[in-house]
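# sharing a model that was predicted from the sequence below.
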Amino acid sequence: MNAANDATEWKRKYFEVLRELERKERDWSLGQELLTLAVRRLSLLAQGLDTRLDPHLESLRAGLRGELDPPRLRADLGRITQLLDELRDLGKNGLDDELVRLLGLLRLSTSRQAAVDNLVVRLRQTPPPREALIEAIAVELNQVLLPPTAAAPPPAAAIPAAAAADPARSAELLFGSTLAELLDGIRLAWTPPLEQAREALRQRLAAGIEQSGWHTALDACVELVNRAVAELGGERDELRRFLEQVTERLLALEALLREQAAGVVEARGGRAALEGAVGAEMRGMREGVERARDLDSLKRNMLARVEQIDRHLQAFRSAEEGRLARIDERVRSLSAQLSSMHEETRALRGLLAEQDERLQRDPLTGLNNRFAYDERLQREFVHWQAHGQPLALLVWDIDHFKRINDTLGHAIGDQVLVGVGRGLASGLRGGDFVARYGGEEFVMLLPGVDLDSARGIAERIRAEVATTHFPVTGSDVAVTVSCGLTLLREGDTPRGCFERADQGLLAAKRGGRNRCVAV
Ligand SMILES: Nc1nc2c(ncn2[C@@H]2O[C@H](COP(=O)(O)OP(=O)(O)OP(=O)(O)O)[C@@H](O)[C@H]2O)c(=O)[nH]1
């Protein structure tokens, strides 16, 4: 009886254990299937983020469809995490949009498809806060994940030995460790607080996640990744602002540099050195930006470079100031010298003009002298050669002047010379020229006057002198003058022309004086 009872009891216990084992096996299979689906759904979340990522996500999903192949899964996960690392500029809103889009891409059983489609429409119309969005998606995923499907055999290597006897526990551990591995592989720029949160979540996941907490664990992972992405965006904004500030400061420095450098011709060497130094710092900045792994080191590098540029500029400016002060001093002394030279030159020029005037003026009569006449005749001769305008040359001589000297004295003779000179000059118009040639002899140059006109002018002057009583000390004196005149002719030299006029004068003297002879 006892033996029979024992046998019955043993069988009952055996069947109980068998049922329990079958139940756990079903649970484990369900867990395994759910885990597979979770990873596939996670991969779907990332689908479409980047075309390079998509083939690996598809490969990962394909790997999860058949028998699990851990080395292949690990390879796919490695490549996916590496690519995720490159997708740092993914925005928070973009990820939310992707969640909704991916939810819309799910192809489910007819009963769930309508509910999911409905949810997608509602989310697109009025996007809820992100927490609510994740909650809604998690609810739908849970609905999809809960009905069991055909069980896949577990990969022996994926089941921890300690948990092998407990399939449910194995599923919890596998789910947790897979998520932890995924989380581990996401190489975003984790800030210290986020890194702490990630470590805490990873430990929680590694300890295993009960089936009822899977959607919360998924939420936590997505939430953490979104926070990291958002912080990355914030950090990028901060970096952009910082770089803008640096750029502004550099532009200000550059403007100052240009201002300092403007007009400084001699400072080429200093400027080249400064430009070289600034250029090196700028190159350092660029390399710093390329090498910088985080904002703090980038900021330190940038500020150090900017300060270095500032120092170069200060050194350049003080060198420039010294140089400009020396130039200023030199310029001041030069301008003092220049103004004194200018004064001296002006005085000298006045003196020269005075001397020139004296050189060209006859001191007795105040008329042009022989020297001035030679110069003027030369000029008129050149002009005549160029333009062919007539030029009349008249030579005058006071008749019997020796007698005046002899009878009235030399001093009275001088006064007569002055009077006659004045008389000759008063008979001319602007542009004409009269000079005392020497002794009691005078010459005239009448530009633009033909021979007839010259003869007329000479006659008028001669008559004027003949009828004038020139005042002298205590009396007045009447004199007559004779004139020989001619025009410049082809082949003439100034001297030849004068000699011809002189011949005319001689003829006038011979002809009885007080007359004009044109030749
Ligand atoms: N007072 C004065 N006499 C001068 C000056 N220059 C020349 N004479 C005189 O002028 C006189 C010129 O005399 P002549 O050359 O003989 O001729 P003239 O007496 O004028 O006789 P004709 O010319 O033939 O009419 C000389 O006695 C000179 O000494 C001068 O600057 N002042």
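Received, thanks. Numbers count the residues shown, from 1 in each chain.
# in terms of secondary structure, what does whichever strand or helix holds residue 452 contact?
When secondary structure is defined by DSSP states H and E, residue 452 falls within helix 451-466. Applying 3 or more Cβ pairs under 8 Å, 6 or more residues apart in numbering; DSSP states H and E, we find helix 451-466 packed against strand 391-398, helix 410-426, strand 441-447, strand 481-487, strand 516-518. No exception for glycine: its C-beta is placed from N, CA and C like everyone else's.
# let's see 10 Å
Based on contacts counted as 3 or more Cβ pairs under 10 Å, 6 or more residues apart in numbering; DSSP states H and E, the elements that helix 451-466 packs against are strand 391-398, helix 410-426, strand 441-447, strand 481-487, helix 494-510, strand 516-518.
# out of the ones you listed, the one nearest residue 299 is which?
Of all the helices and strands packed on helix 451-466, the one in closest proximity to residue 299, counting by Cβ to Cβ, is strand 441-447 (88.3 Å).
# touching the ligand at all, the closest one?
No. Using Cβ under 6 Å from any ligand atom, strand 441-447 stays clear of the ligand, coming no nearer than 8.4 Å.
# and that strand with strand 481-487, angle?
40 degrees (axes from the mean of the first three to the mean of the last three Cα atoms, to 10 degrees).
# how about strand 441-447 as CSV, C-alpha atoms only?
Extracted in CSV, the C-alpha atoms of strand 441-447 (Å, rounded to 0.1, in the frame of the first residue of the first chain):
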residue,chain,number,x,y,z
GLU,A,441,70.2,155.0,-77.8
PHE,A,442,66.9,153.1,-77.3
VAL,A,443,65.2,150.1,-78.9
MET,A,444,61.6,149.0,-79.4
LEU,A,445,60.0,145.7,-80.2
LEU,A,446,56.4,145.9,-81.5
PRO,A,447,55.0,142.3,-81.9
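# make 529 the first number, not 1, from now on.
With the count now opening at 529, the last piece we talked about shows up as strand 969-975.
# and the residue in the stretch 729-878 of the chain that the ligand sits nearest to, what's its pLDDT?
Of all residues in the stretch 729-878 of the chain, residue 878 sits closest to the ligand, with a separation of 29.3 Å (Cβ to the nearest ligand atom). According to the predicted model, the pLDDT of residue 878 comes to 80.
# tell me the secondary structure of it, please.
helix (DSSP: H, G, I helix; E, B strand; the rest coil).
# that older thread, how about the helix holding residue 980: buried residues?
982, 983, 985, 986, 989, 990, 993 (16 or more other Cβ atoms under 10 Å).
# would you mind giving the domain segments of the protein?
Domain assignment of the chain by automatic domain parsing yields the ranges 530-763, 791-888, 898-1046.
# winner for burial among these?
Looking across the domains of the chain with neighbours counted as mean count of other Cβ atoms under 10 Å, the highest average goes to domain 898-1046: a mean of 18.
# rounded mean pLDDT for that one, please.
Looking at domain 898-1046 alone, the average pLDDT works out to 96.
# now find how far off-centre it is within its chain.
Using Cα atoms, centre = their mean, to the nearest Å, we find the averaged C-alpha position of domain 898-1046 to lie 77 Å away from the chain's own average C-alpha position.
# now, which of the buried residues of helix 979-994 sits nearest residue 948?
residue 993 (6.3 Å).
# and the gap between the closest one and the ligand?
Separation of residue 993 from the ligand (Cβ to the nearest ligand atom, to the nearest Å) stands at 13 Å.
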